[in-house]
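A.B. asks: based on what follows, work out the 3D shape:
(2 chains)
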Amino acid sequence: MENNKKEESLLNKKISRKDFFKSAAVAGASALVASEVFAKSRFLPEIEIPIGESTIKEIAEFKSVKVESNSDILIRMQAELKKALAKPMEQRKWKMIIDTRKCVGCHACTVSCIAENKLPKGVIYRPVTTVEMGTYPDLKMRFLPQPCMQCETPSCVPVCPVNATGIRPDGIVHIDYEVCIGCGNCVEACPYEHRSMDTGENYCDETPSVQPYELLPTMEYGKDWTREGKYSATEGSARKCSFCLHRLDVGQLPQCVTTCIGRATYFGDINDPTSFISEMATKPNQMKLLEEKGTNPTVTYII
Amino acid sequence: MKNSEKINIKRRNFLGKGALLGGISMVGMFLGGTASAKAQTALLKKKRGTKPYELNNPENIIYSSCLNCNTGCGIKVKIEDGVLSKIDGNPYNPFTMVPHIDYKNSIEDAAKIDGGLCPKGQAGVQIAYDPYRIRQVLKRDGKRGENKWKSVPFNQAITEITEGGNLFAHVPGEENRYVEGLRSIMAMKDNDLATAMSADVDGIYNEKDKTKKKELVEAFKTKYAADLDKLIDPNHPDLGPKNNQFVISWGRLKGGRKDFFQRLGDAYGTTNLHGHTTVCQGSLYFTCKAISEQYIGAKFTEGQKFYWQADIENAKYILFVGANLLEANYGPTNRSVRLMNNLESGKTKIGVVDPRFSKLASKAATWLPIKPGEDSALALAIMQWMIENNRYDSKFLKCANKAAAKESGELSWTNASLLVEITEKGPGKLVRATSLGIKDAEKRIVDDPKDKNKEISYTEDFFVAMVNGKPTWVDPNDEDEAVFGDLFVDTTIKDKDGKDVRVKSGMQLLKESANEQTFADWCTLAGVPQDAVVEVATELTSYGKNAAVDLHRGPAQHTNGFYNVLNWMAVNMLLGNFDWAGGMSAGATYKYDGGNDGVFDAKKQSGKLKTFGISSIRHDKDYDKTTIFEGYPAKRNWYPLASDTYQEIIPSIGDAYPYPVKALFMYMGAPTYALPAGHTNIDILADVNKLPLFFTSDILVGTSSMYSDYIFPDLSYLERWEFQGSHPNNIYKVENVRQPAISPIPEIVKVYGEEMPISLESLFMGINEKLGLKAFGKDALGSGLHINKPEDFYLRAVANIATSENGGVPMASRAEQEIFSKARRHLNKSVFDEERWKSIVGKENWAQVVYVLNRGGRYQEHSKALNGKQLSNKYGKLLNLYQEKTASKKHAGTGKNYYGYPKYVPVAQFDGKPVDKLADGYEFTLITCRTVTQTKSRTNGAYWLTAIEPENGIVISNQDAVRLGLQTGDMVKVVSSTNKEGVYDLKHGNKKEMIGKVIATEGIRPGVISFTLGFGNWASGTADMLINGEVVAGDERRGKGIMANAAMWIDPSIGSNNTCLIDDVGGSVSFYDTKVNLVKV
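C.D. replies: All right, here's what the predicted structure looks like:
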């Protein structure tokens, strides 16, 4: 209901992505030029994100699983989501801390994220880089998973000519795929290179047949972004990590957190001082990536 | 512009490709065309909307077991509109959570909790939905390996294989070749005759006198004159019946499917059922088998083919040797989580022995970049230090029998203090008390461990330990009278006739081995700094029994693998850590075969045909006792202590030693790709004269199945049944159940009048039906217990898991049973028919069966794994530090007896000669490793994985690279003295050079180069194929990078130059001994 209303209002105020492509094709104009025109005129309003009572999510208690002192941290973190979601959105602030001491560089998060978000070929939300330091035999190796940093002052948001992206009150930098025109400004602007363009490719395009898993919808932002024919509803949009918002909404942790075989990713509501994430935030040796860029990332690292 | 242009180009490509592939028949061949059409249409009709997220609904979840590596983690398979959407860890399963959630927790809760899972597990979606999967039986439509195929009906293929004929008359050169079918190869059909012959063959085998042996053979020929045509060679009846000329082999095989193999083999009467163990870490298995031999009925028997691993959850210090657990070895998901938690909390420290600076090494307090093949030197250095500094568990080692172990609070015990007789040949038999006259022999009766309904009568002579300098008789199994033996004994005692007997204790022999060189010299040999070794030894001995050495392929896959493993396991014995929390764990499973108190006897089989004769890989037999003994060296090795020697299966067929093979079946195998010098196997497989009939079961046209005559499509692990079992590093009792989570991809056929997908099971059942055997079908499991569908077996086995041990699991509530049905609503009726399922297991067992299937297996509670400071799931038996049985066996290459105790043994050829000649002129030791994104040969089609790591390379130290003028990105060819061209000859003019990208790094020992396995594939969707006259283009993403196994040495002293170097004792192939050069290209 909420979403329908939003969709309607947006339709009245802007050219939809498809119309944009159509007109661009007719006029022979390039997406880049057109986007610059939009950026200059800048008449579009901010996307309204609902706040308040309507954003409270009631998550059922576990029927029988108990949260105990020796529980896997996945259980504790998941149980704490319930408490966070019981508050209006503006009162919770999602935070992720990646403990590089525990990361084993396995890429489970990378792949799990692709699978969960049905990412097309060429789009990866959470790459993991490996850094080797030192001289034989005195060596060090560190692994750095890199999701969207969910910056408090992001470089990607202001450059959007159609206001398709913004910061939600809970800290998540989001994209509205229906609004996004695919100009790529945000992809260029992100200093972490954590946005990429969805060109609608499938992993099995050049094989005997595209496979059924590739035709499943992505559920990001609580919508099912289906395929139209071979093409995805997200095709032509910028894509990025959303902290698995669609999972958070049902009381589940982001996929990269749950699948981590080193339990190196911590997640939760930093506004809750009793949460595990708040406890982890007090640990020494915290680091932010590219702090000098002034983006104030929400995602931080323990090194 | 950039973006829209890209899209347009892509559209054009798609249309072009559509035209190229064209034909309906092609599309039908593969998955996309038919199996998913329904799902596709369903999706297309739908509009974008706000569909609720339903992957956390138990009605959309089936729990099963992964198989993208052999860890087999419990998985949660999430289904969306009938399509496999997502795979996560099963939270009930101890592999994916620490602690795992309680087994009794509701399935609604579990549906919401995702456990951890490694990237290969995540990518299982792409193994099931692989566009190159085959759906119909493919018959060769060209020469072997030409990759020309036609699809044939399942029943036709079964008939051709069983009945034989001019099957390939359409292939040039084979117009007149008659292929003998399985019916004709099965010459022996009479069980009584086979049983009688088998007993007489045993008599021949056990006769030591050569002349008498010959006489027995002649007598045999006279006695069975009318039936000699049933034997492979009447002059050598110990080769067994012609039935043995059908060899059945496998790659990855787990419980349940294993039973299908055993049943078919037992019905057909072939002794040749062979697995792949030795290409993995065979010598680790077979050394531990030798360590675990039990003294029963006056002989050493019942050694378990298994190994111990460290209890990572509770250990305070672990030395990992050649173990890469953050990427492989029964590890990524289940061991990483435990280790990383404990490293972070400071509970655990680790050391790593590996020539590579592995991910694991990056987490270690100490890294020892050992010289490959010198594990024994390092282990002996550590043991020398432990003995010298008195830092070993003497209390444990002194326990000479079970009673002593009990008194000391130990669960297991060693024979370290037992006396060994030293002759001019070296240490041999354990001294018997009766020979010293200190104890009279006793007539005893024990239960036959091989058959619980039988007993063994024997004479017990007793062993001897020195107790405070006095020879004292010992029964190692005695539970009442404790004997604590002196550890270091080196003396001469008198036997009952007053003759001198030179004796030493096992512990003394170990000490002497450790002192063969100085500490400094051992360290030099191993190529590691002395202070680092002292540091490791100090740490290892600073936490009592909470420390362990955990080893894997690294030490095992050398020609000296058996002794490398034995030396390291001896370190664990000195630590006294077996069965202790944080020490060596043996693992445990719930039994599916009904063994103890199950409701079905899954082993029961009517119509078995007694098998006998020497196996085609010559295992479990002493060469010198056979009638084909021709002195030393033997033509090829014999394996009295090992089995499943993968490197022997095909090369032995090539050499027709010990006999020619007429038909080979291979399941889930890739020996041409996975074996060192695996290219030699291609020559044999491609030769229809050496191997007349070759058929395989595979989900793709693979690197080895591409040489077969028929490929039967199989189910992926996400569509089938199996019992994955557990692993020793898991201290909880576990049984992981693999069950159909999605509808079958292969075609549906009829066997025994029932619909089922083409699979390994339907293939075996089809052969069985056609030949009129009784392994499957009516009354196969006993009267009224038929196996007319695969699940007739598997469900009864699940019932055993569900109902055994203390009444079994709880019963699923009615609500849970409803969820069970709904979660399977997408399954094809050929694989899920609830009413039929209920009737198979019986209504009384149904609710418990559902409970197990709703949780993907059965798992012990977290809190029950420990009993105080000890492991609940114990080994609890004798450990052979000294191995009388090993010492009694002869090396078939040299005729010398094996060493029965920890000792330094250098790398060597089969004939005992050093490898210097092979190495001459080549400078780098070639080793391999695994990356977490690939299993050896079956994950190359997972595009999510290849997107992250598209290829491997040749990893070389910076200093070596600089010296050779190489830098990262340069292309080099790998060559050795036995593959100077650096090439795989795939036949028919198709050659694959071993060329890869240089990756220069600080992270490897200079002088060593490495590559990760799993890349450089030449089939499995990589190569173009012609199917039914149409081209199926291969996908280059699936074959990037380098596979350099063909550079590994061929042992010139084995057979006809067709086999890699081997560990003649433990059976392993040599993966890490070859010297190679790199040639810039």
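A.B. asks: count of neighbours near residue 242?
C.D. replies: All of this is about chain A. A:Ser242 has 23 neighbours, counted by other C-beta atoms under 10 Å in any protein chain shown. Bear in mind the C-beta positions are built from the backbone N, C-alpha and C, glycine included.
A.B. asks: switch to chain B, that's the one I care about
C.D. replies: B:Lys242 has 23 neighbouring residues, counting by other C-beta under 10 Å.
A.B. asks: do you know how far it is from B:Thr222?
C.D. replies: Between B:Lys242 and B:Thr222 the computed distance is 20 Å (C-beta to C-beta, to the nearest Å).
A.B. asks: might you name the residue of the stretch 201-303 of chain A sitting closest to chain B?
C.D. replies: Proximity of the stretch 201-303 of chain A to chain B (C-beta to the nearest C-beta) peaks at A:Ser209, 2.3 Å away.
A.B. asks: so that residue: helix, strand or coil?
C.D. replies: coil (DSSP: H, G, I helix; E, B strand; the rest coil).
A.B. asks: B:Thr946 too?
C.D. replies: Three-state call for B:Thr946 (three-state DSSP): helix.
A.B. asks: list the residues that contact it.
C.D. replies: B:933, B:940, B:1037-1038, B:1040 (C-beta atoms under 8 Å, 6 or more residues apart in numbering or on different chains).
A.B. asks: equivalent analysis for B:Asn990, please.
C.D. replies: Contacts of B:Asn990 (C-beta under 8 Å, 6+ apart): B:Gly145.
A.B. asks: likewise B:Ser249?
C.D. replies: For B:Ser249, the contact set (C-beta under 8 Å, 6+ apart) comprises B:273-276, B:646, B:649, B:664-667, B:669.
A.B. asks: most neighbours among the contacts of B:Thr946, which one?
C.D. replies: Neighbour tally across the contacts of B:Thr946 (other C-beta under 10 Å): the maximum, 30 neighbours, falls on B:Asn940.
A.B. asks: that one and B:Gly1016 touch, don't they?
C.D. replies: No. Using C-beta atoms under 8 Å, B:Asn940 is not in contact with B:Gly1016, being 9.1 Å away.
A.B. asks: which residues are common contacts for those two?
C.D. replies: Common neighbours of B:Asn940 and B:Gly1016 (criterion: C-beta under 8 Å, 6+ apart): B:Gly1039.
A.B. asks: domain parsing for chain B?
C.D. replies: Split into domains by automatic domain parsing, chain B comes to B:309-394+B:516-588+B:871-879, B:399-511, B:908-1080.
A.B. asks: centre of the chain versus the first one, how much separation?
C.D. replies: When C-alpha coordinates are averaged (C-alpha atoms, centre = their mean, to the nearest Å), domain B:309-394+B:516-588+B:871-879 and its chain have centres 22 Å apart.
A.B. asks: that domain near chain A at all?
C.D. replies: Yes. Applying C-beta under 8 Å from any C-beta of the partner chain, one finds domain B:309-394+B:516-588+B:871-879 in contact with chain A at B:326-327, B:332-333, B:336-337, B:340-341, B:343-344, B:357, B:359, B:361-363, B:367, B:369.
A.B. asks: taking the residues you listed one by one, which sit in helices?
C.D. replies: Residues of these located in helices (DSSP state H): B:332-333, B:336-337, B:340-341, B:343-344.
A.B. asks: what about burial for those, which qualify?
C.D. replies: Neighbour counting by 16 or more other C-beta atoms under 10 Å in any protein chain shown classes B:332-333, B:336-337, B:340-341, B:343-344 among these as buried.
A.B. asks: adding pLDDT, write those residues out as CSV.
C.D. replies: Listed next are these as CSV, based on pLDDT from 0 to 100:
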residue, pLDDT
B:Pro332, 93
B:Thr333, 96
B:Ser336, 97
B:Val337, 97
B:Met340, 97
B:Asn341, 96
B:Leu343, 97
B:Glu344, 96
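A.B. asks: of all the residues you listed, which comes closest to A:Cys260?
C.D. replies: Distance to A:Cys260, by C-beta to C-beta, is smallest for B:Val337 among those, at 8.3 Å.
A.B. asks: per-residue confidence for A:Lys223?
C.D. replies: With respect to pLDDT, A:Lys223 has a value of 87.
A.B. asks: isn't it up against B:Pro52?
C.D. replies: No. Assessed by C-beta under 8 Å, A:Lys223 is found out of contact with B:Pro52, at 10.6 Å.
A.B. asks: any stretches of chain A with poor pLDDT?
C.D. replies: A:1-47, A:228-231 (pLDDT under 70).
A.B. asks: the stretch 751-900 of chain B: strands as residue ranges?
C.D. replies: All strands of the stretch 751-900 of chain B, identified by DSSP state E, counting those that start in this stretch, fall at B:754-757, B:857-859, B:866-867, B:870-871, B:878-879.
A.B. asks: now do the same contact list for residue 259.
C.D. replies: In the absence of a named chain, chain A is used. A:Thr259 neighbours (C-beta under 8 Å, 6+ apart): A:108-109, A:112, B:88-89, B:114, B:116-117, B:122.
A.B. asks: my bad, the chain I had in mind was chain B
C.D. replies: Residues near B:Asp259 by C-beta under 8 Å, 6+ apart: B:593, B:602-603, B:793, B:797.
A.B. asks: please name the nearest non-neighbouring residue to whichever residue of the stretch 751-900 of chain B sits closest to chain A.
C.D. replies: In the stretch 751-900 of chain B, no residue comes nearer to chain A than B:His862, which is 8.4 Å away by C-beta to the nearest C-beta. Nearest non-adjacent residue to B:His862, counting by C-beta to C-beta, 6 or more residues apart in numbering or on different chains: B:Pro99, 3.5 Å away.
A.B. asks: could you do A:Ile172 as well?
C.D. replies: Excluding the flanking residues, the one nearest A:Ile172 by C-beta to C-beta, 6+ apart is A:Phe243, at 5.3 Å.
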